[in-house]
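Trainee: Sequence first, predicted coordinates after that:
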Amino acid sequence: MMAAGTNMAVDRLVAEFADRPKSPSWLGELRDAGLARFSELGFPTTRHEDWRFTNMKPLTELPFQLDVAGAADGLNGALFTGLEGPQLVFVNGKFSDELSAVGELPEGVVVGSVAAALADGSDLQDCLSRQVRNGADSFAALNTAFFADGALVRVPEGVTVEAPIRVYFLNTAETDGATANIRSLITAGAGSSVTVIESWTGGGAAYFNNVITEIDAGDNASVEHVKFQDEGAAAFHVAGLHCTLGRDCRAAHHSIALGGRLARNNIRAWLDGEGLECVLNGLYLTEREQLIDHHMVVEHAKPHGDSHEYFNGILDDASRGVFHGRIHVHKGADKTDAKQTNKNLLLSDRAQVDTKPQLEIYADDVKCTHGATVGQMPPEQIFYLRTRGLSEAEARRMLMHAFAGEIIERIECEPVREELDRLVWDRLEANPHISETVKT
Amino acid sequence: MLEIKNLWAGVEGKEILKGVNLSIAAGEVHAIMGPNGSGKSTLAQVLAGRDGYDISDGSVAFDGEDLLELAPEVRTRAGMFLAFQYPVEIPGVNTTYFLRSSVNAVRKHHGKDELSAVEFIKLMRAKIQLLELDESLLKRSVNEGFSGGEKKRAEILAMALLEPRMAVLDETDSGLDIDALKIVANGVNQLRREDNAQLVITHYQRLLDYIVPDFVHVLHDGRIVKTGGKELAHELEEKGYDWITNGELQTA
């Protein structure tokens, strides 16, 4: 059941579809199917179990305008620009040739734009839409119908890409409702190794980034994916990360979520091989009336898989955080070791967190733990720091930093970790509530 | 240096310390021994300033100042130090950063310049050798994932860096094997000077073979019931605490 308002929003988007390019034919079929599914599902309402805590109504009220052209002079003030390695820049969802610099790559490695690859006739049939399993949700379906571009990273079997691949998504739209459907594809062949850093920033308009990123990590591959989300204060950011992980692979996704008016992250990990390790690691800092939502489903399909989810949130003003973590251990996925924790610090009486860990286990001999906390800093830690000469305010600041640092320190790519640590610390320091709050 | 007079303290209406008297002068090492529940750890916590204890009577003067009036951090800056029985793990706080902040808080209190990161690392390198600590430990989060022995050695490292005038060591020997115990004791002994003092709290005499006290006090049911020289510790080891507690009952 859809409300009338959402229906109109769906109609407005569907009407745009007729003009979309539909070639090659396999892609045209995918897009048609995406549109059909989106028309059928519509935008979710809070009556939908997966959207109970996150009301998308403000999004559906936007005057959607697809693919608003944009320009940017450069990456002024962006993070990680001092780093070596390939740099891709997308402005309002479209690849910017001028601002991107790929440089030399190991043989067989592809780093570029999905749209350009499709235009060149590259066959992306093997990876596009492959990781979106269990039926696309409405945003994934919308994305498939409409996506214009996104990052393409392909690393062949056995190849290591040393330098992190940096991908910047800038949104410079000045009109509310500017909508970009962005589709990125990352494939890491068996035994390969790659680090991808995404940065999401934008201006003050109420733009909408609807993102799908697909990651296919082969057997023994090693993938680190860092997402720094610092969208404009009025922006809507809905992002699905769909991954399939192979045998003995090591994959880590880090979500550093600071921006946007409403940011929803749908993380879907399909653990499709034995002996792999999957880390989902996130930090969200919210203020004003922001809402940041991480909605995860980890599917343990094979035995001896380890998955760890660590999410910490610091929430101020009347902002909200949502954590949903479902671990689904399939029949036969014995010796699974799954752990999830969600910890939240509230800096204001009006801030709110909805946290919902969920375990579904159909296998034997599994280790699954989950825990969630909402509240204040541990008094025994504050006392310990005070007995070492630090004032109570200093102790609180240090613990706040630690609370964020605990997540950031899991990022293996050192220069990225250090820059994020500094930035997060500066943000926390700038918050007038840090030292005096969380006292009951 | 430290004057504890008729100290009564308890939690939620239950008295734990029932009139402790203790006087420690510069250059002295005192040991407090006692069975479980005698109030040893309460005494340490009260001296460090933990919340939640009601002090119903008595006084504690540190260098003539009313210690009980001071906030925990001010006690430390003024030279009072507690090595915890159970050092607290603080995930996400880097050990080196934490120790430098601690040293600088104390230096600032004494009107000294703060140490830069480089100056501090130099100082710290000199001190960790004393405790045979692995430098990689200091890059980790405070006490997180440290073994029991590493935690206790890290406490003594903090003590070595802060150079307190009065150090209270609360069950520093608990959970240590004999090698770790020797290292910790050796570290503590090297910090001993004419102008500072140490109060060693322990259940067992074992530690006192390595940190040799000038005075041994036996705490029982919230009071010091016997005081002697270092030989008292051996006597206790041989005869057990029953010797004291029964003896006390007989004279009562």
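Mentor: Thanks, I have it.
Trainee: contacts, neighbours, all on C-alpha from now
Mentor: Noted.
Trainee: Let's see the strand or helix carrying A:Trp26 as CSV, backbone CA atoms only.
Mentor: Assigned by DSSP states H and E, A:Trp26 belongs to helix A:25-41. What follows is helix A:25-41, C-alpha atoms only, in CSV (Å, rounded to 0.1, in the frame of the first residue of the first chain):
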residue,chain,number,x,y,z
SER,A,25,19.8,-4.8,-25.2
TRP,A,26,20.7,-6.8,-22.0
LEU,A,27,21.0,-3.5,-20.2
GLY,A,28,17.7,-2.3,-21.7
GLU,A,29,16.1,-5.4,-20.3
LEU,A,30,17.6,-4.9,-16.9
ARG,A,31,16.4,-1.3,-16.9
ASP,A,32,12.9,-2.3,-17.9
ALA,A,33,12.8,-4.9,-15.2
GLY,A,34,14.1,-2.3,-12.7
LEU,A,35,11.4,0.2,-13.7
ALA,A,36,8.7,-2.5,-13.4
ARG,A,37,9.8,-3.5,-10.0
PHE,A,38,10.1,0.1,-8.8
SER,A,39,6.6,0.9,-10.1
GLU,A,40,5.3,-2.2,-8.3
LEU,A,41,7.1,-1.4,-5.0
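Trainee: Would you mark the buried spots in it?
Mentor: Residues A:27-28, A:30-39, A:41 are the ones in helix A:25-41 that count as buried (16 or more other C-alpha atoms under 10 Å in any protein chain shown).
Trainee: And whatever helix or strand comes next after that helix, what does it pack against?
Mentor: Per DSSP H and E, helix A:25-41 leads on to helix A:57-60 as the next helix or strand towards the C-terminus. Secondary-structure packing of helix A:57-60 (3 or more C-alpha pairs under 8 Å, 6 or more residues apart in numbering or on different chains; DSSP states H and E): helix A:4-15.
Trainee: Packing partners of the helix it packs on?
Mentor: Judged by 3+ C-alpha pairs under 8 Å, 6+ apart, helix A:4-15 is in contact with helix A:25-41, helix A:57-60.
Trainee: quick one, what contacts the residue lying closest to B:Thr202 once chain neighbours are set aside?
Mentor: Nearest-residue entry for B:Thr202: B:Glu171, 4.8 Å, with adjacent residues in sequence omitted and distances by C-alpha to C-alpha, 6 or more residues apart in numbering or on different chains. The contact partners of B:Glu171, taken as C-alpha atoms under 8 Å, 6 or more residues apart in numbering or on different chains, are B:Phe84, B:Gln85, B:Val200, B:Ile201, B:Thr202, B:His203.
Trainee: Using CSV, lay out those together with distance to B:Glu235 and pLDDT.
Mentor: Compiled in CSV, the contacts of B:Glu171 are given as follows (distance: C-alpha to C-alpha, whole Å; pLDDT from 0 to 100):
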residue, distance to B:Glu235, pLDDT
B:Phe84, 27, 96
B:Gln85, 25, 94
B:Val200, 18, 95
B:Ile201, 17, 95
B:Thr202, 15, 92
B:His203, 14, 87
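Trainee: ok, those vs chain A, which is closest?
Mentor: Within these, the smallest distance to chain A is 8.7 Å, found for B:Phe84 (C-alpha to the nearest C-alpha).
Trainee: Could you pull out the strands in chain B for me?
Mentor: Ranges of strands in chain B, per DSSP state E, are B:2-11, B:14-24, B:29-33, B:54-62, B:65-66, B:80-83, B:90-94, B:141-142, B:166-170, B:197-202, B:215-220, B:223-228.
Trainee: With mean neighbour count added, can I get these in JSON lines?
Mentor: Output for those, formatted as JSON lines (neighbours: other C-alpha atoms under 10 Å in any protein chain shown):
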{"stretch": "strand B:2-11", "mean neighbour count": "19"}
{"stretch": "strand B:14-24", "mean neighbour count": "18"}
{"stretch": "strand B:29-33", "mean neighbour count": "24"}
{"stretch": "strand B:54-62", "mean neighbour count": "17"}
{"stretch": "strand B:65-66", "mean neighbour count": "13"}
{"stretch": "strand B:80-83", "mean neighbour count": "26"}
{"stretch": "strand B:90-94", "mean neighbour count": "22"}
{"stretch": "strand B:141-142", "mean neighbour count": "23"}
{"stretch": "strand B:166-170", "mean neighbour count": "25"}
{"stretch": "strand B:197-202", "mean neighbour count": "25"}
{"stretch": "strand B:215-220", "mean neighbour count": "23"}
{"stretch": "strand B:223-228", "mean neighbour count": "17"}
